[in-house]
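Participant: when you get a sec, could you give me coordinates for this:
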Amino acid sequence: MLRQDNTGLIIVDIQGKLATLVQNSDQLIDNAVTMVKAARILGIPTLWLEQIPDKLGRTVDPLRDALDPLEPIAKTSFGGCGEPRFIEAVENANVDNWLICGIETHICVYQTALGLIHHGYGVEVVTDGTSSRDPDSKAMALAKMSANGVGMTGVEMALYELMGDCQASEFRDVLTLIK
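Facilitator: From the prediction side, this is the model:
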């Protein structure tokens, strides 16, 4: 079970024109923004990756605004774990489990998730917070990640699991994000 005290959130490469070309891009961006805002309410550490932003563009504005004042970690490797600053940030977050949202599911999300598994972390992909240009590529990636120990969740499922109880002090604030 996910818990507030040992779970973090990673946003992977929701940037530039590609963010508008993936399947259900508006829903992806809205769900990622919801996860970031909820993570802030719940006190969950959040990390943010950008793939060569000088070439692919910056994170889309609604998500960038939600992530402020955090700074992105730029990378050239497809998986975040290929970037030493990312590994350092993961270790400094002092959590055992990571939720991942981002694009593209079959490339950067997949490689980041498996890299984290390799480093001994629990990983769950927020399936309605990820996307690819081709829905078959996303489906293949989710199946392959699942077969390799990555859990699957959704925005609401993850948030309710993190709160655990309707009497949680954050419940009403989080509820406004998902209604």
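Participant: who's in contact with the helix ranked longest in the chain?
Facilitator: If you go by DSSP state H, the chain has its longest helix at helix 25-42. Outside helix 25-42, the residues that touch it by CB atoms under 8 Å, 6 or more residues apart in numbering are 4, 8-9, 11, 14, 19, 22, 44-46, 60, 62-63, 66-67, 99, 101-103, 126, 128-131, 155, 158-159, 162-163, 170, 173-174, 177-178. Bear in mind the C-beta positions are built from the backbone N, C-alpha and C, glycine included.
Participant: buried stuff in that helix?
Facilitator: 25, 28-39, 41-42 (16 or more other CB atoms under 10 Å).
Participant: same deal with stretch 81-90?
Facilitator: Quick answer for stretch 81-90 (16+ other CB under 10 Å): 81, 83, 86-87, 89-90.
Participant: so can I have JSON lines of those residues showing distance to residue 121?
Facilitator: Shown next, in JSON lines, are these (distance: CB to CB, whole Å):
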{"residue": "81", "distance to residue 121": "10"}
{"residue": "83", "distance to residue 121": "15"}
{"residue": "86", "distance to residue 121": "12"}
{"residue": "87", "distance to residue 121": "11"}
{"residue": "89", "distance to residue 121": "13"}
{"residue": "90", "distance to residue 121": "7"}
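Participant: identify the farthest-apart pair in the residues you listed.
Facilitator: Of all pairs drawn from the buried residues of stretch 81-90, the greatest distance, 11.1 Å, lies between 81 and 89 (CB to CB).
Participant: need the buried residues of stretch 81-90 in TSV with secondary structure, distance to residue 108 and pLDDT, can you?
Facilitator: Listed next are these as TSV, based on DSSP: H, G, I helix; E, B strand; the rest coil; distance: CB to CB, whole Å; pLDDT from 0 to 100:
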residue	secondary structure	distance to residue 108	pLDDT
81	helix	11	98
83	coil	11	97
86	helix	12	98
87	helix	15	98
89	helix	16	98
90	helix	15	98
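Participant: quick check, nearest of these to residue 122?
Facilitator: residue 90 (12.2 Å).
Participant: pretty sure that closest one sits against residue 118.
Facilitator: No. Residue 90 is beyond contact range of residue 118, at 11.9 Å (criterion: CB atoms under 8 Å).
Participant: common neighbours of these two, please.
Facilitator: residue 81.
Participant: residue 92: how many residues sit nearby?
Facilitator: Counted with other CB atoms under 10 Å, residues neighbouring residue 92 total 10.
Participant: what's the pLDDT at it?
Facilitator: At residue 92, the model reports a pLDDT of 98.
Participant: show me the contacts for it.
Facilitator: Residues counted as contacts of residue 92 (CB under 8 Å, 6+ apart): none.
Participant: how near is it to residue 14?
Facilitator: The gap separating residue 92 from residue 14 is 23 Å, by CB to CB, to the nearest Å.
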